[in-house]
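> curious how this folds, go ahead:
(2 chains)
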Amino acid sequence: MSKELELTCIICPASCTLKVTVEDNKVIKVEGNLCPRGVEFAKNELSNPVRYVMSVVKVRGGDLPTVSVVTRNPVPKNCIWQVMEALAKVEVEAPVEIGDVIVKDICGTDIIATRRAKKI
Amino acid sequence: MKTLEYDTVVIGGGPAGIAAAIKATELGLKTILIENRDLLGGIPLQCVHTGFGLHYFKEDLTGTQFVTRLLDKLEKLRVEYLLKAHVHSIEYLDYDKKLVNVVTPQGVVRILTKTIIYTTGARERHLYEIGVVGDRPDGIYTAGEAQTLMDIYGIMPGREVVIIGSGDVGLIMARRFALEGAKVKAVIEILPYPGGLMRNVMQCLRDYNIPLLLGHTVVKVVGKKRVEKVIVAKVDENFKPIEGTEFEIPCDTVVLSVGLRPYLKVLEKLGIHIDPATGGPVVNEYLETNIPGVFVAGNALVVNDLVDYAVEQGELAAEGAKVFIENKGIPTKNWKLVEKGRNIRLVVPHAVSGERDVIIYARVANPERNVYVQIPELGFRLFSYGVRPAEMIWFKLRKDMFSKLGADVNKITLEVKPR
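Residues are numbered from 1 along each chain as shown, chains lettered A, B, ... in the order given. The predicted structure is shown next:
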């Protein structure tokens, strides 16, 4: 038995509406996607949905009081709170460069800085 | 008082202004960038989420990463800039001579320039503009203010939040509040459809079980010192609250995401023509206003949904400034007006030359599925599975498309038609 369902692709702001055909819990057809990433998104979303997690952490001695961070890779949706709890405890020292590892090895990835903190 | 001389003065140091200053410098124009805050970068500096740069850098970046790349380029090119510099006024002396009066911490600086690129962005609309009555206690923020507090300064604005309006920044902030442990009670949207991108409805609201109340409005804010609750009601087809449908939502914070308006205060005093549909200036394809040599780009021109477009407009304006200086004015004689046809709410630019490729930005009035976006005079037609007011329509018209057009034709019409 195959069934059709509709998903909104969240990979980029194009926000494609995907028409997904599923058979025996497997994605057999994806329509409405403007690029191949839509197919990958639909497959992930129905088996193991993943998200990038973005936030800020405190900085000591920087030009701004925080740096922004993101998980290097998307993490499973049920790991989001684990990431947020880890970030709440972190405080880093300026300078921080974009790409610096802020938390190593969490939920199968690292958390990296996405804003620079100049030392003042 | 010292007077400086430049080919172009760029006013506003966000993405459009930085991009304009970079491009103008690369084109050999003597350029200065003026910013009234104490740092360059503008709004993307506080945008910690991804979705930036897919068009421009062909990469998915956070706002912070995106703008840092631009800033690094600006520094590398040694573009001159002033910080904490406030443009008080602009005087029009001649078509190629404008005087920009700037207040800086070192005193007043007068800048004589051939061209101006105005990139001051947009301002957020506030409660008084959407007719919400009631108290005005502590705890009412625009989405951008909440974002500045949380993502630049690391300060939580509140714990129990109601968001009015479902624009993208409001949706993004709903997720930020939820991630930081606040309870987002509801997002309230007066229209029957969300204001922001569908992807943000999915990943910012659905993922965190935040209710989105479409066709509802906040009729009143209640609170003595701090916000205590909001009164919400359903609206009818004329967006009027329906009596008897009111209910309360207790909360300590109200966040407004009810749209942006181009911010053009100084230019308005110069007498630029404003398009009521965009709230920005009327411009030709060089993004030049009715005042010769004054260009506008980014959210000061039209509220964009992608920073990539703001950057593109900054570069277009810089190219316009170059053409203006080389030709002692924009050389086009026969402009073709771009008119709004069926289901088009706004379009930029307002006039095209047909002498070169041109980029068109437009928004629809109402969501519609399976349509053609077309310009009958040019035989131009673009199929779309769906158009939504929240998503800007972007396309390029090639110079050769205009060869079909008779010399006496002085307008083209952009319209949306069902397939």
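> just confirm residue B:261 is within a strand.
Yes. Under DSSP: H, G, I helix; E, B strand; the rest coil, residue B:261 sits within a strand.
> surely it meets residue B:123?
Yes. Taking contacts as Cβ atoms under 8 Å, residue B:261 lies within contact range of residue B:123: 5.8 Å. C-beta here means a position set from N, CA and C on the backbone, and glycine is covered the same way.
> so which residues of the chain form helices?
As the question left the chain open, I've gone with chain A. Secondary structure of chain A by DSSP state H: the helices cover A:37-47, A:80-88.
> looking at chain B here, not the other one
Under DSSP H, chain B gives helices at B:15-26, B:63-76, B:127-130, B:143-151, B:168-179, B:198-200, B:265-270, B:307-327.
> for the ones you listed, which one sits closest to residue A:51?
Comparing the helices of chain B against residue A:51 with Cβ to Cβ, the closest turns out to be helix B:168-179 (9.9 Å).
> what's the angle from the closest one to helix A:80-88?
With axes from the mean of the first three to the mean of the last three Cα atoms, to 10 degrees as the basis, helix B:168-179 and helix A:80-88 are set at 80 degrees to each other.
> residue B:407 against residue B:334, yeah?
Yes. In this structure residue B:407 lies within contact range of residue B:334 using Cβ under 8 Å: 7.5 Å.
> so how far is residue B:339 from residue B:414?
Residue B:414 is 7 Å from residue B:339, where distance means Cβ to Cβ, to the nearest Å.
> between those two, who's got more neighbours?
Neighbour count, other Cβ atoms under 10 Å in any protein chain shown: between residue B:414 and residue B:339, residue B:414 has more, with 24 against 15.
> and the chain, split by domain according to the record?
Picking chain A for this. With domains defined by automatic domain parsing, chain A comprises A:2-47, A:54-113.
> hm, I was asking about chain B
Chain B resolves into domains spanning B:1-124+B:259-331, B:126-258, B:332-419 when parsed by automatic domain parsing.
> quick one: which of those domains is nearest residue A:30?
So among the domains of chain B, domain B:332-419 is nearest, using Cβ to Cβ, at 13.8 Å.
> can you list the residues of the stretch 151-300 of chain B near chain A?
Residues of the stretch 151-300 of chain B lying close to chain A by Cβ under 8 Å from any Cβ of the partner chain are B:151-154, B:176, B:179-181, B:197-199, B:201-203, B:207.
> okay, now the nearest residue to residue B:322 once chain neighbours are set aside: neighbour count?
Nearest residue to residue B:322, sequence neighbours excluded (Cβ to Cβ, 6 or more residues apart in numbering or on different chains): residue B:27, at 4.6 Å. Counted with other Cβ under 10 Å, the neighbours of residue B:27 add up to 18.
> isn't residue B:55 right up against residue B:310?
No. Using Cβ under 8 Å, residue B:55 makes no contact with residue B:310, being 11.1 Å away.
> those two: which is more packed in?
It is residue B:310, of residue B:55 and residue B:310, that has more neighbours when counted by other Cβ under 10 Å, with 30 against 15.
> can you check the pLDDT for the more buried one?
As predicted, residue B:310 sits at a pLDDT of 98.
> how about residue B:202?
Reported pLDDT for residue B:202: 90.
> okay, now it: neighbour count?
Residue B:202, neighbours per other Cβ under 10 Å, totals 17.
> against residue B:78, how distant is it?
Using Cβ to Cβ, one gets 44 Å for the distance from residue B:202 to residue B:78.
> just to revisit the earlier point, who has more neighbours, residue B:407 and residue B:334?
Ranked by neighbour count (other Cβ under 10 Å), residue B:407 and residue B:334 place residue B:334 first, with 12 against 7.
> contacts only, for the more buried one.
B:353-354, B:407, B:410 (Cβ atoms under 8 Å, 6 or more residues apart in numbering or on different chains).
> can you rerun that using 10 Å?
The contact partners of residue B:334, by Cβ atoms under 10 Å, 6 or more residues apart in numbering or on different chains, come to B:351, B:353-355, B:407-410.
> hmm, back to that, between residue B:407 and residue B:334, what contacts are shared?
The contact sets of residue B:407 and residue B:334 overlap at residue B:354 (Cβ under 10 Å, 6+ apart).
> name the residue closest to the centre of chain A, please.
Against the mean C-alpha coordinate of chain A, by Cα atoms, centre = their mean, the closest residue is residue A:52 at 0.7 Å.
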